[in-house]
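Q: model this:
(one chain, ligands or ions: 1)
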Amino acid sequence: MDKSTPKRNVNKKRPDYLEWTEYFMATAFLAAKRSKDPCSQVGACIVNENNIIVGIGYNGMPKGCHDDVFPWMKESENSLENKYLYVCHAEINAILNKNSVDVRNCTLYVGLFPCNECAKVIIQSGVKEVIYMSDKHSFKVHTIASKRMFDAAGVKYRQFIPKNRQILIDFDEINWNDQSQLPGSPNLGDSITKKIKSMSILSEEQQDLNSSFTCDNETRLECKDKN
Ligand SMILES: O=c1ccn([C@H]2C[C@H](O)[C@@H](COP(=O)(O)O)O2)c(=O)[nH]1
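A: Take a look at the predicted model:
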């Protein structure tokens, strides 16, 4: 184990677990990493009353409209060459991707306050609450219209205030061979590579592949927008 890692009490509940709201917003931000939009990557995560995720989505081109073919521009004089006529918003994709019968009484976590078109679909689908990260378009008419509709329809909305500005995903964080987790298993060191190499179960070629994997196997979920 890393000498700098503080000792943990293996007989007590882990204190540094993710709270539900952090977990769901982080899931929305992780989904946003799939977006090809060069300017705004938006992710959404829909959760039912039992804290079960029932839909995830991000902004992207519709099926069959290839994202290498359709435009990502935003300021072309020819509006047919701008992305806006084509991109499916994250909220719509999350609702359409649902793996439950419906999303009635669900909560939608989203990176950006929903536009008026998304707000209509959110209301009609029965979502009861929207938790958003950024309200950077609050002064724009489509956001004002969204809030007017949410207020009239009784859809609650509130901004997510993160406890931590960053949540780190480190594929090496969990030491699977830590004796305190798996009594009796050998502690072969912290890195997956070291463990697998010392078990001598991989060919040279596989070990090389595995080493290159461990160079960049860290994903940072950054809450870039503070608004
Ligand atoms: O509620 C929303 C609003 C916007 N989006 C997507 C649509 C576009 O891909 C970008 C916005 O691009 P800008 O360059 O920032 O204008 O965000 C969404 O998914 N949901």
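
Q: what sits against the nearest residue to residue 32 once chain neighbours are set aside?
A: Distances taken as Cβ to Cβ, 6 or more residues apart in numbering place residue 43 nearest to residue 32, at 3.3 Å, with adjacent residues excluded. Bear in mind the C-beta positions are built from the backbone N, C-alpha and C, glycine included. Listed by Cβ atoms under 8 Å, 6 or more residues apart in numbering, the contact partners of residue 43 are 27-35, 56-58, 90, 110-111.

Q: can you list phi and psi of residue 43 for me?
A: With angles defined as degrees, to the nearest 10, residue 43 sits at phi -120, psi 150.

Q: and it, what pLDDT?
A: We have a pLDDT of 98 for residue 43.

Q: any regions of the chain where pLDDT drops low?
A: 1-6, 179-227 (pLDDT under 70).

Q: dump the residue contacts of residue 150.
A: 119, 122-123, 130, 156-157.

Q: residue 76 and residue 83, how far apart?
A: Using Cβ to Cβ, to the nearest Å, one gets 9 Å for the distance from residue 76 to residue 83.

Q: one step back: any idea how far the ligand is from the residue nearest to residue 32?
A: For residue 43, the distance to the ligand equals 8 Å [Cβ to the nearest ligand atom, to the nearest Å].

Q: what residues are bridge-paired with that residue?
A: Applying DSSP bridges to residue 43 gives these bridge partners: residue 58.

Q: doesn't residue 106 make contact with residue 49?
A: Yes. Here residue 49 reaches residue 106: they are 7.4 Å apart, a contact under Cβ atoms under 8 Å.

Q: those two: which is more packed in?
A: residue 106 (24 against 10; other Cβ atoms under 10 Å).

Q: coming back round to it: quick one: which of the contacts of residue 43 is most hemmed in?
A: residue 90 (31 neighbours).

Q: can you pull the contacts of it?
A: 28, 31-32, 35, 42-44, 57-59, 110-112.

Q: show me which residues of the chain sit near the ligand.
A: Residues of the chain found near the ligand (Cβ under 6 Å from any ligand atom) are 37, 39-40, 42, 59, 74, 83, 87, 89-91, 112, 114-115, 118.

Q: go again with 8 Å.
A: 35, 37, 39-42, 44, 58-60, 74, 83-84, 87-93, 110, 112-115, 117-118, 137 (Cβ under 8 Å from any ligand atom).
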